[in-house]
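K.L.:
The following block contains a protein sequence and its predicted model.
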Amino acid sequence: MAKITQKITPCLWFNRDAEEAAQLYISVFGDGKINKITRYGKEGFEFHGMPEGTAMTVDFTLAGQNFLALNGGPAFTFSEAVSLIIRCSDQDEVDHFWNGLGPAGGGTESQCGWLKDKFGFSWQVTPTILNELMSDPDKAKASRVMNAMLQMKKIDIAELKRAAAG
């Protein structure tokens, strides 16, 4: 029996872009890999409508976390109700992920560090200092940081620090 190394694995439902999405995510994160791809055969075409050879599932790893991408057809789509948070240590990391998944990578930016990649999946590109500053015991400082963050699309760490300083 195979040993379970990760008890919970997120499954991302795509129409037909699971393989392309996994490849994009791996290229942006730089430390991932595709573990296994299962493909649709001729069987069940009347139910799933996928051409033979189309990826059915793509098992992949990003930053040590396993994911499963499923080409399940158009029945379900992504919404902001589920997103993945990318915790970034500095502005270079924020910029890297924002550019790779956001507008430069075919996605769309939103407010407060949120974006949708070109497949419509939501990500939060968040510097770790944001939570530190927003939970500061000095309520006025935390409030200034919150107000600054609410004005941003991509998070600007230098601007957060300026707001914290008053």
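P.N.:
On my side now, so go ahead. All figures in this text were calculated on a predicted structure; none of them were measured in a lab. Residues are numbered from 1 along each chain as shown.
K.L.:
so where does the residue nearest the centre of the chain fall, helix or strand?
P.N.:
Ranked by distance to the mean C-alpha position of the chain (Cα atoms, centre = their mean), the top residue is residue 123 at 3.9 Å. Take DSSP states H and E as the rule and residue 123 turns out to sit in strand 122-127.
K.L.:
now swap in residue 160 and tell me
P.N.:
Residue 160 is located in helix 157-165, with elements delineated by DSSP H and E.
K.L.:
other SSEs contacting that helix?
P.N.:
If contacts are counted by 3 or more Cβ pairs under 8 Å, 6 or more residues apart in numbering; DSSP states H and E, helix 157-165 sits against helix 91-101, helix 128-134, helix 139-150. C-beta coordinates here come from the backbone N, C-alpha and C atoms, glycine included.
K.L.:
Can you tell me which of those helices is most buried?
P.N.:
Comparing those on average neighbours per residue, with mean count of other Cβ atoms under 10 Å, the densest one is helix 91-101 at a mean of 19.
K.L.:
Can you give the distance of that helix from its chain's centre?
P.N.:
Here the centre of mass of C-alpha atoms in helix 91-101, compared against the chain's by Cα atoms, centre = their mean, to the nearest Å, lies 12 Å away.
K.L.:
any idea how far the helix or strand bottoming out on mean pLDDT in the chain is from the chain center?
P.N.:
In the chain, no helix or strand scores lower on mean pLDDT, DSSP states H and E than helix 45-48, which sits at a mean of 87. Computed by Cα atoms, centre = their mean, the separation of helix 45-48 from the middle of its chain amounts to 30 Å.
K.L.:
Equivalent analysis for stretch 106-118, please.
P.N.:
Averaged C-alpha coordinates place stretch 106-118 at 10 Å from its chain's average position (Cα atoms, centre = their mean).
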